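Novice: build me a model from this:
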Amino acid sequence: MRTDTLLGLQRSPYEVIHRDELLFQVVHQSSELWLKLATAELTETAVQTDAGELSVAETLLARATLALRLITDQLDMLTRISPMDFQAMQPAFGNGSGAESPGWRQVQAASRRLGRAFDGQLAHHGVPAAKLYPVDLSDPLHRLAEAMVEWDERVSLWRVRHYQVALRVGSHPPATTPGSPTTMLAKLAGHRFFPELWQARICSPVHENGTAAP
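Specialist: This is a model prediction of the structure:
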């Protein structure tokens with residue numbers, strides 16, 4: 001398991017300038033591990049989608065989605081750092097942003113690949129995205145579409161939580177402030193990897209009684 005190497009990646013007590021450095025490093029390093037796993041699952045999801053194994057793809061995508069939920073939850077640990085303590089230890093880490101995360105860049109690429117694979121399946125089955133809804137839970141194509149929407153939602157929730165933590169701990173001005181580092185975070189919260197699936201949900205036909213049309 002190479003735990004000795006893993007546990008040696010944090011600064012030693014003799015190197016730190018603030019005791020909360022360990023907390024900060026553990027949260028971010030473990031996030032990169034979960035993102036690495038999410039990328040692996042997303043990549044295989046795309047492979048299985050290309051192969052037409054949509055039920056397998058759905059299962060794998062659920063794993064990636066759970067990884068995103070876990071790294072979102074662990075952001076709560078950062079709220080245990082006061083803004084004053086964060087400023088005190090920041091010189092040890094320098095400047096950086098979530099956009100520089102190698103794990104996040106890989107997740108983005110894998111998500112786009114999955115989108116292309118799913119589009120290929122839609123073309124193969126002759127089903128435009130707009131006709132995917134209302135959802136037929138017995139259809140693997142529809143089930144995978146719903147799993148992709150859930151993935152998109154989980155990414156958005158992670159970004160929103162990141163934004164809130166940046167405000168609370170980093171003492172950044174709110175997104176309405178021109179030039180604020182949080183402005184980009186706020187804008188990205190509305191980004192979708194699969195916008196056509198969200199649009200299809202909005203435009204799905206509805207009966208007069210408010211239920212989805214068959």
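
Novice: which parts of stretch 190-202 count as buried, going by neighbours?
Specialist: The neighbour-count check on stretch 190-202 (16 or more other C-beta atoms under 10 Å) flags Phe193, Phe194, Glu196, Leu197, Trp198, Ala200, Arg201 as buried. Every residue, glycine included, has its C-beta placed from N, CA and C.

Novice: which one of those is nearest to Leu122?
Specialist: Of all the buried residues of stretch 190-202, Glu196 has the smallest distance to Leu122: 9.1 Å, by C-beta to C-beta.

Novice: buried stuff in stretch 46-65?
Specialist: In stretch 46-65, counting by 16+ other C-beta under 10 Å, buried: 46-50, 54, 56-58, 60-61, 64-65.

Novice: cool, stretch 113-133 as well?
Specialist: Arg113, Leu114, Gly115, Ala117, Phe118, Gln121, Leu122, Ala129, Leu132, Tyr133.

Novice: for stretch 73-89, same thing?
Specialist: For stretch 73-89, burial by neighbour count (16+ other C-beta under 10 Å) applies to Gln74, Leu75, Leu78, Ile81, Asp85, Phe86, Met89.

Novice: alpha carbons only: can I get it in PDB?
Specialist: Extracted C-alpha coordinates of stretch 73-89, given in PDB (Å, rounded to 0.1, in the frame of the first residue of the first chain):
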ATOM      1  CA  ASP A  73     -18.100  16.600   2.600                       C
ATOM      2  CA  GLN A  74     -14.400  16.800   3.700                       C
ATOM      3  CA  LEU A  75     -14.300  20.500   2.800                       C
ATOM      4  CA  ASP A  76     -16.100  21.000   6.100                       C
ATOM      5  CA  MET A  77     -12.700  20.300   7.800                       C
ATOM      6  CA  LEU A  78     -11.300  23.500   6.300                       C
ATOM      7  CA  THR A  79     -14.000  25.500   8.100                       C
ATOM      8  CA  ARG A  80     -12.200  24.600  11.300                       C
ATOM      9  CA  ILE A  81      -9.400  27.000  10.200                       C
ATOM     10  CA  SER A  82     -10.000  30.600  11.200                       C
ATOM     11  CA  PRO A  83      -9.300  33.300   8.500                       C
ATOM     12  CA  MET A  84      -6.400  34.600  10.700                       C
ATOM     13  CA  ASP A  85      -4.800  31.200  10.900                       C
ATOM     14  CA  PHE A  86      -5.300  30.600   7.200                       C
ATOM     15  CA  GLN A  87      -3.500  33.900   6.400                       C
ATOM     16  CA  ALA A  88      -0.700  32.900   8.800                       C
ATOM     17  CA  MET A  89       0.100  29.600   7.100                       C
END
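
Novice: I'd like to know which helix or strand in the chain has the lowest mean pLDDT.
Specialist: helix 181-188 (a mean of 64; mean pLDDT, DSSP states H and E).
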